[in-house]
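Engineer: Sequence plus the predicted model coming up.
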Amino acid sequence: MWERTARAADIASPAALAALMEQHDYLAGEGLATAVFLALKMGRPLFLEGEAGVGKTELAKTLAAVLDAPLIRLQCYEGLDAAQALYDWDFARQLLHLKAAEAAGATDVKALEGEIYDRRFLIARPLLRALETQPAVLLVDEVDRADDEFEAFLLEVLSDFTITIPELGTVAAAVPPTVVVTSNRTREVHDALKRRCLYHWLEHPSFDREVAILLRRLPSCTEALAGQVATAVARLREADLVKPPGVAETLDWTEALLTLGATHLDPDLAAATLGAVLKYREDQQLVVKNGLLRDG
Amino acid sequence: MGFVRTLRAAGVPADHERARGFLSALAHLDPASEQDVYWAGRLTLCAGPDDLPRYDRCFAAYWAGLRPGPARPAMTVTVTRYTATPAGAREQGAESDSNVLPATASRIEVLRNRDVTRLTEAERAEVHRMLALLRTAREQRRTRRFSPAAHGVLDPRRTVRETIRRGGEPARLRLRTRRFKPRRVVMLADVSGSMAAYADTLLRFAHALVRAEPRATEVFSVGTRLTRITAELRHRDPATAMAAVSGAIPDWSGGTRLGEELRELLRLSAARGAVVVIASDGWERGDPGLLAAQMARLSRLAHRVIWVNPHKGHPGYEPLTAGMRAALPYVDELVAGHSLGAFEELAERLSQ
């Protein structure tokens, strides 16, 4: 029996890493396994790009499980600032402390100042938390949604894994966390950030791999159904859709079919569950009009 | 290292730091295995999906011992740029001419309303100079970030800081307000055969837009394929920018397949929340039905869609081309784009 977890230093090759990830139901291709392996060995962040739903976020979760480390997730959005991503002071408690000190008759202003800006009044946000936790897997999800200002301080954190807090000093990570940065490519991320990372473009899986993923993730799924679904999805990806389905949609769809007690995919069932795989009205109309699910 | 240089010549941004990453990645893998070398290079040297086919090509060629002449792709670009330089030289000459003959207000007024295709060389240079001077303001959009302000909502962070400074006495409230940013403009400039006479002026207008707000403007050329030319337009000097653009656009004076190109644009999600300016005469070579469907999506995603049609400025114009008719229901504003005056008006519209 394989070990389910391992320390980063003990993983000998990309193949060994892929085997470990398979223990956690994640089937990584050779490229992805090499990418993650190098990220662990070189201590560099891994920058993952690809269509939505190809398993970028899932990879970080699996990696955390493999390394038996907590997953610290930072979901990016426009306007994300230092107080949300790095750290914030707990103002309410600072004020309470001040009042209490006043009531006790403290007069030494300098000492009071030192007490106020103490580590216990600091709220660690994801980036600071990732530096203080060891080991940790830090997932910076959908970095393309954040704006340029955020990229600038992310760059600072990722290049030397330190955060400088003016009132407290510099926090450095003894062991740098394993960092996975994902992007859906809705915006070109600055090259300076990419340069510090290993870059990997994640593709939709091949037919065989997709069938394997379905069988692994959904134990009640039969091989026949998995094959039919994978064929249908491959055809949908080739059709000219607004949003081609990713692996996540394939899994959702199969799960929906299984819930309905299906053992094979027929056009009526497919039409009834189309909402699990296609999320745009135009796409559904196109598929129905062209009869893409017939003889599927 | 020879491999890295080959890649760089093919347009992959394999800089020094990336090359170092490549070497240290190899140290962790098996340098004798072709697979391992392939992935080590792809992971460390590439920066985007566009690089991957180039990388694959170079890798195959390099390890087959072919070593494609690294200078060749770079040379092609240089040649194209040089062919376009005379236009720049001519413009500089014209500029010194206009110093001798100072442009009077009335002359500019006449030029302003004249169709750009009916100008003499000197007049055209004058119009280009005016376009380069065009200062375009932008519509403002409220962001999710705050900045300190005299009026607004309570800023807890700075208020507490102030209170602590005063020893716990809540003496003064600090306020903050939402910050504003210019709204993004995405311009599509048609460089197909039917628009050839106007393309130069359009691109010069695009240059003025990029120069005014480099971070909030995206420009694409449309023809038979969508090409992003924002980076080329960032040059300060219009002549240099035009030369770079002419090198970057592969499909000058071809047909227009606007429907497919719009779909490509929407796939890039560049249009979300932006003011989209489409400069074209609507001579659609592809399926008008597809164009209509893509325009419908665009109008739902974009903040505003402005269609610039040079022929709109001509008296008696009717939107009759199939493409124009398909797109019209989804266009917020249809404006002219045939003269300096029309472009000034367009710039005015973008600032509202």
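Structural biologist: Okay, I see it. For clarity, every value in this text was computed on a predicted model and none was experimentally measured.
Engineer: what does chain B put close to chain A?
Structural biologist: Counting by C-beta under 8 Å from any C-beta of the partner chain, the residues of chain B close to chain A are B:13, B:15, B:17-18, B:21, B:24-25, B:28-29, B:35-36, B:39-40, B:42-44, B:46-49, B:52, B:143-145, B:156-157, B:160, B:163-164, B:167-168, B:215, B:266, B:268-269, B:272, B:293, B:297. Any C-beta I mention is one placed from the backbone N, CA and C, and that applies to glycine too.
Engineer: I'd like to know which of those residues are buried.
Structural biologist: Among the residues of chain B next to chain A, the ones that count as buried by 16 or more other C-beta atoms under 10 Å in any protein chain shown are B:18, B:21, B:25, B:28-29, B:36, B:39-40, B:42-44, B:46-48, B:145, B:160, B:163-164, B:168, B:266, B:268, B:293, B:297.
Engineer: Just to be sure, A:Ala262 is in a helix?
Structural biologist: No: using DSSP: H, G, I helix; E, B strand; the rest coil, the assignment for A:Ala262 is coil, not a helix.
Engineer: Show me how far the strand or helix carrying B:Asp200 is from its chain's centre.
Structural biologist: According to DSSP states H and E, B:Asp200 maps onto helix B:196-212. Here helix B:196-212 is found 10 Å from its chain centre; the criterion is C-alpha atoms, centre = their mean, to the nearest Å.
Engineer: How about stretch A:240-250?
Structural biologist: On C-alpha atoms, centre = their mean, the centre of stretch A:240-250 falls 19 Å from the chain's centre.
Engineer: what does stretch A:229-240 give?
Structural biologist: Distance, centroid of stretch A:229-240 to centroid of chain: 25 Å (C-alpha atoms, centre = their mean).
Engineer: CA atoms of that stretch as PDB?
Structural biologist: Extracted in PDB, the C-alpha atoms of stretch A:229-240 (Å, rounded to 0.1, in the frame of the first residue of the first chain):
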ATOM      1  CA  VAL A 229     -20.500  11.100 -21.300                       C
ATOM      2  CA  ALA A 230     -16.900  11.700 -22.200                       C
ATOM      3  CA  THR A 231     -17.700  11.200 -25.900                       C
ATOM      4  CA  ALA A 232     -20.600  13.700 -25.700                       C
ATOM      5  CA  VAL A 233     -18.500  16.200 -23.800                       C
ATOM      6  CA  ALA A 234     -15.700  15.900 -26.300                       C
ATOM      7  CA  ARG A 235     -18.200  16.600 -29.000                       C
ATOM      8  CA  LEU A 236     -19.600  19.600 -27.100                       C
ATOM      9  CA  ARG A 237     -16.000  21.000 -26.800                       C
ATOM     10  CA  GLU A 238     -15.500  20.800 -30.500                       C
ATOM     11  CA  ALA A 239     -18.800  22.600 -31.200                       C
ATOM     12  CA  ASP A 240     -18.700  26.300 -31.300                       C
END
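Engineer: Buried by neighbour count: which residues of it qualify?
Structural biologist: Neighbour-count burial for stretch A:229-240, counted by 16+ other C-beta under 10 Å, picks out A:Val229, A:Ala230, A:Ala232, A:Val233, A:Ala234, A:Leu236.
Engineer: Is stretch A:179-191 positioned near chain B?
Structural biologist: Yes: shown here: stretch A:179-191 in contact with chain B (C-beta under 8 Å from any C-beta) through A:Arg185, A:Thr186, A:Arg187, A:Glu188, A:Asp191.
Engineer: I would like the residues contacting that stretch, please.
Structural biologist: For stretch A:179-191, the external contacting residues (C-beta atoms under 8 Å, 6 or more residues apart in numbering or on different chains) are A:39, A:45-52, A:56-57, A:59-60, A:63, A:130, A:137-145, A:148, A:151, A:155, A:158, A:193, A:197, B:13, B:47-49, B:268-269, B:272.
Engineer: quick one, phi/psi of the residue of the stretch 251-352 of chain B found nearest chain A?
Structural biologist: Taking C-beta to the nearest C-beta as the measure, the point where the stretch 251-352 of chain B comes nearest chain A is B:Ser269, at 3.9 Å. Main-chain dihedrals, B:Ser269, degrees, to the nearest 10: phi 50, psi 30.
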